[in-house]
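Peer 1: From the sequence below, what's the structure:
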Amino acid sequence: MKRQLAILIPAYNESQVIARCLHSIVHTGIAPEDVYVVDDGSTDGTASVVLATTAVAQLTVANGGKASAIRSGLSEFKLPERYHYIGILDADSALDPDYLEAVEGAIKRFPDAALICGAPRSDPHNWLTAYRAVEYAICLGIYREAQSLTGTINVAPGCASVYKADVLATLDLDGGTLVEDMDLTTQLQRQGERIVYVPAMRVYTQDPRTISDYIGQVSRWYRGLWQVVRRHRLMRHRQPIDLECMLLVGEGLLFSIVVLLLPLWLWLTPRITVFSWAMDQAFFFAMTAVVAIREGRLDILRSYPRYIIPRMINAFLFVWTFFAERRGLKKAWFNVARYEVQ
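Peer 2: Sure, this is the predicted structure:
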């Protein structure tokens, strides 16, 4: 008889964080025998930490990347044959205590959903992770809620996704993109599967603490976006996901170009530019205040003056990665450096 839920964790050099991840999983009520770790050729003793932490199943494979590790875990542990649902987590994730209850409630409420998306929250560390907390809140509270209602979720976070096991087994895990989570989500959209968002499935995750790590991560995300757009010919079909992608990409490019050309606009139309920039800052400050109050984190509000830095970086990288992909510049996976959680 199949069991309800398995947790699969691909891990590469995660010795600093994986113990916290495993403890948080077991604390939700998920049995250790339903947790599976694929050590993707780690060189920092990740496997030893897993063995010393809790009695979960572990598989060590050659370093082939996250998608390859997921595929190996599904195959070697025979998860699609043994479970109804498979949750995929990143090793730096920590589940909210009510995570399992939220998943079980979602399964009952949406029995036809092939993919259930959770809600990532940023671990507090410094001003840059505080900014990411605001980004998550805007993305999830505005875009993701609307996407869930319209059936146009374009990416299920790799750190907080639960798949129907038999559907996951049919997906192509060799897409060759830098964003396997968006690739898998788009495959499900193309198949007409239902994807839902459940805000109560909260997962706390590490985010970049340095500008160099932030640039590396965002570059990978944006280059992966353009790869998925090309691979699945997004914006060229008549599914709702194509229109959603067109709107998001168009908005991203327009905002980025406006930001990068700000000195020109300031010279040509100073009053309009200053007014528009003030309105943008007022909105972002209001969102920052809401997030700070909701999460009880004064550091989010205190760090607001620095948020212009990552926003400018985002604008530049969105445009640069577009041309980098069109020109076929070399691309590579980027791993954010792990650190102790405060």
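Peer 1: The protein: strands as residue ranges?
Peer 2: 3-11, 35-40, 57-61, 83-88, 94-95, 113-122, 161-164, 194-205 (DSSP state E).
Peer 1: For Ile138, find the nearest of these.
Peer 2: strand 113-122 (12.3 Å; Cβ to Cβ). C-beta: built from backbone N, CA, C; applies to glycine.
Peer 1: now for the closest one, which elements pack on it?
Peer 2: Judged by 3 or more Cβ pairs under 8 Å, 6 or more residues apart in numbering; DSSP states H and E, strand 113-122 is in contact with helix 99-109, helix 127-138, strand 161-164, helix 180-190, strand 194-205.
Peer 1: With just CA atoms, put that strand into PDB.
Peer 2: This file holds the C-alpha atoms of strand 113-122, laid out as PDB (Å, rounded to 0.1, in the frame of the first residue of the first chain):
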ATOM      1  CA  ALA A 113      -3.900  19.300  -8.100                       C
ATOM      2  CA  ALA A 114      -0.700  17.900  -9.600                       C
ATOM      3  CA  LEU A 115       1.500  20.500  -7.800                       C
ATOM      4  CA  ILE A 116       1.000  22.300  -4.500                       C
ATOM      5  CA  CYS A 117       3.200  25.400  -4.100                       C
ATOM      6  CA  GLY A 118       4.300  26.600  -0.600                       C
ATOM      7  CA  ALA A 119       5.300  30.000   0.600                       C
ATOM      8  CA  PRO A 120       9.000  30.600   1.100                       C
ATOM      9  CA  ARG A 121      10.100  33.100   3.900                       C
ATOM     10  CA  SER A 122      13.600  34.500   4.200                       C
END
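Peer 1: how much space between the residue lying closest to Ala52 once chain neighbours are set aside and Leu243?
Peer 2: Distances taken as Cβ to Cβ, 6 or more residues apart in numbering put Ala19 closest to Ala52, at 7.9 Å, once the chain neighbours are dropped. Going from Ala19 to Leu243 by Cβ to Cβ, to the nearest Å gives 44 Å.
Peer 1: try Gly158
Peer 2: Applying Cβ to Cβ to Gly158 and Leu243 gives a distance of 24 Å.
Peer 1: okay, the two: which has more neighbours?
Peer 2: Ranked by neighbour count (other Cβ atoms under 10 Å), Gly158 and Leu243 place Gly158 first, with 22 against 15.
Peer 1: Quick check: phi and psi on that one?
Peer 2: Dihedral angles of Gly158 (phi, psi; degrees, to the nearest 10) stand at phi -60, psi -20.
Peer 1: where in the chain is pLDDT low?
Peer 2: 329-333, 341-342 (pLDDT under 70).
Peer 1: Hmm, Asn314 is touching Ser256, no?
Peer 2: Yes. Contact criterion Cβ atoms under 8 Å: Asn314 and Ser256 qualify, at 7.4 Å.
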